[in-house]
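Asker: A structural model of the following input is requested.
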Amino acid sequence: MAVPAAFFAVFFAYPVAAIVRRGLEADGVWQVGRIAEVLLRSDTRHVLWFTTWQALASTALTLLVALPGAYVFARLDFPGRQVLRAVVTVPFVLPTVVVGTAFLALVGRGGLLDELWGVRLDTTVWAILLAHVFFNYAVVVRTVGGLWAGLDPRQEEAARMLGASPAAAWRTVTLPALAPAVAAAALMVFLFTFTSFGVVQILGGPTFSTLEVEIYRQTAQIFDLSTAAVLTIIQFLAVGAILAVHAWTVRRRESTLKLVDPALTARRPRGVGQWTLLIGVLVTIALLLVLPPAVLVQRSLTAPGFGYYRALTDPDGGVFLVAPVNAVGTSLSYAAAATAIAVVIGGLAAAALTRLPRARSRSDGRASFAERLVRGFDALLMLPLGISAVTVGFGFLIALDRPPLDLRQSWILVPLAQALVGVPFVVRTMLPVLRAVDERLREAAAVLGASPWRVWREVDLPMVRRALLVAAGFAFAVSLGEFGATVFIARPDNPTLPVAVARLIGRPGDLNYGQAMALSTILMVVCVVALLILERLLPRSGAGPAGGTPVGRGGEF
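Answerer: This is a model prediction of the structure:
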């Protein structure tokens, strides 16, 4: 536990505390009244209202659109099902900057809708809501569909034989069993949209601002650290509450359901209703999930002779100190370093959680000390999901500025920020597998004279090797697309791909816009390749660490 705890203390708690202190302390005195002052401002109330309203609307719309897809992937067997499952997951691993850019190419100025019908949505809330549905469709399909596929269909069939109609059987048998999964998926979609930054920053313009966007604006543009500190505290408390409720729903689902092999529950579509539903889901996927990336690629190729891609090699664009194409190599190297850090820290944390005693609650119903210790350490690892990435990035600049932690000029600063986001994914991927290893195997190896290190190498490692590769792959994809913290600490001569895309979009001119589309396409291709590799590593059955749900920002794995 010591190494992960020290890592989080130095590179997470210290920078966040430093920026909060800088914002709320004056002459050694804490300005507690500043919190009430910021909360009572009309612009703050407007940001809080819009953040909550758009998150609720995005969650409801995502559930409405994605639940039919969850049923189709869970219960219908059709040609190309596995390929389509990978296609559905692609948007979820795409960086938010790429998602915003793709929808900008579809619904923005000069986009496909603008050219065909003169319709622009990039300055309306509909663009944000549609992008959020695009981004979180896989959360519902994988979370709800993964559980739906494991439910025994004979229970619903028994209700039908006892006289229940199809609707009544589904409402009384299947829906109660799915409720925890639907609640967990809804909470995670709400979390992702509540903390949305890249999508709102690109599509919302100056009209719409979530808490995360407002923290960035107060920090980077207005330099009002006290307001940013108050908003950071509000977001942290809100996200902490969401994660606590989500953890409760996951524990409830795991403790009350008995599942069957998903391979036995899927059947070929039968009847007009199932075929109509399948066709409707396929059309939805084509229009909502495939069309925006396709338009993005098409826009990047509109210049003759791959002109936008060739322009990426020109360092005289006035936006960067180096050629924009250099961002590709920079991002890959940073993501590789961040993945190595995340795997080491997350692997140690997962091993610690596995070795800690999982004592039962006391007879009076209260948690034992060991149980509280496990939950507290596990919560510590999830804290980066509850704090604004913008706050972490700016905190790096003002906290890690003096020896022995003067890292402002060091290349390792960006991978450290990216690794903070990757560690929770590594822990959530490896923990179920490590806990599934039979302790008697370790004890037998120890009785035969193996050292603890050899027990790990000979017993644990062969069984968790695949989970380790999956964890590394997802940490790499997430690190590659990290934007909120990196936008502050990436140096002008070494921009990452998301930062380069955002800077190009923020400057006028068709050339800058086309280069942004080209860089976004490159970043999307890299993420898709990583996903396809991971899909080959993931177990095909319902068992396993990632059999039912995607590995995502704070989600269940």
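
Asker: Show me the shaky parts of this protein.
Answerer: Applying pLDDT under 70 to the chain flags the ranges 27, 246-247, 249-264, 316-320, 356-371, 386, 534-557.

Asker: Quick one: the strands in the stretch 351-500 of the chain, in order.
Answerer: In the stretch 351-500 of the chain, no strands are found when defined by DSSP state E, counting those that start in this stretch.

Asker: mind listing the helices for it?
Answerer: 369-382, 389-399, 413-436, 439-447, 452-455, 461-481, 486-489, 497-505 (DSSP state H, counting those that start in this stretch).

Asker: Let me have these in JSON lines, adding distance to Phe194 and mean neighbour count as columns.
Answerer: No exception for glycine: its C-beta is placed from N, CA and C like everyone else's. Shown next, in JSON lines, are the helices of the stretch 351-500 of the chain (distance: least, CB to CB, whole Å; neighbours: other CB atoms under 10 Å):
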{"stretch": "helix 369-382", "distance to Phe194": "15", "mean neighbour count": "16"}
{"stretch": "helix 389-399", "distance to Phe194": "13", "mean neighbour count": "25"}
{"stretch": "helix 413-436", "distance to Phe194": "16", "mean neighbour count": "25"}
{"stretch": "helix 439-447", "distance to Phe194": "39", "mean neighbour count": "13"}
{"stretch": "helix 452-455", "distance to Phe194": "42", "mean neighbour count": "12"}
{"stretch": "helix 461-481", "distance to Phe194": "18", "mean neighbour count": "22"}
{"stretch": "helix 486-489", "distance to Phe194": "20", "mean neighbour count": "23"}
{"stretch": "helix 497-505", "distance to Phe194": "20", "mean neighbour count": "25"}
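
Asker: which one of those lies closest to Val328?
Answerer: helix 497-505 (6.5 Å; CB to CB).

Asker: so how far is the following helix or strand past the closest one off the chain centroid?
Answerer: Next helix or strand after helix 497-505 toward the C-terminus (DSSP states H and E): helix 510-537. Relative to its chain's centre, helix 510-537 lies at 17 Å (CA atoms, centre = their mean, to the nearest Å).

Asker: between helix 510-537 and helix 461-481, how big is the angle?
Answerer: For helix 510-537 against helix 461-481, the angle by axes from the mean of the first three to the mean of the last three CA atoms, to 10 degrees is 170 degrees.

Asker: List the buried residues in the longest helix along the chain.
Answerer: Within the chain, and with DSSP state H defining each element, the longest helix by residue count is helix 42-75. In terms of neighbour count (16 or more other CB atoms under 10 Å), helix 42-75 has its buried residues at 44, 47-48, 50-52, 54-55, 57-59, 61-63, 65-75.

Asker: who touches the helix or strand following it?
Answerer: Next along the chain after helix 42-75, taking DSSP H and E as the criterion, comes helix 81-93. Residues outside helix 81-93 that contact it (CB atoms under 8 Å, 6 or more residues apart in numbering) are 69, 73, 99, 134-139, 141-142, 266, 282, 285, 289-290, 293, 474, 477-478, 481, 527-528, 530-532, 535, 550, 552.

Asker: hmm, which of the residues you listed are the buried ones?
Answerer: Neighbour-count burial (16+ other CB under 10 Å) is assigned, among the contacts of helix 81-93, to 69, 73, 99, 134-139, 141-142, 266, 285, 289, 293, 474, 477-478, 481, 527-528, 530-531, 535, 550, 552.

Asker: Measure how far the longest helix of the chain is from the centre of its chain, please.
Answerer: Helix 42-75 has its C-alpha centroid displaced from the chain centroid by 15 Å (CA atoms, centre = their mean).

Asker: list the helices and strands that helix packs on?
Answerer: For helix 42-75, the packing partners by 3 or more CB pairs under 8 Å, 6 or more residues apart in numbering; DSSP states H and E come out as helix 81-93, helix 125-150, helix 175-194, helix 211-216, helix 225-256, helix 271-284.

Asker: Among those helices, which comes closest to Phe8?
Answerer: Shortest distance between Phe8 and these, using CB to CB, is found for helix 225-256: 14.4 Å.

Asker: of all the helices of the stretch 351-500 of the chain, which lies closest to Asp314?
Answerer: For Asp314, the closest of the helices of the stretch 351-500 of the chain is helix 497-505, at 12.5 Å, according to CB to CB.

Asker: what does that closest one rub up against?
Answerer: The contact list for helix 497-505 (CB under 8 Å, 6+ apart) reads 95-98, 101, 104, 198, 201-202, 319-320, 324, 327-328, 330-331, 480-483, 486-487, 490, 495, 512-513, 515-516, 519-520, 522-523.
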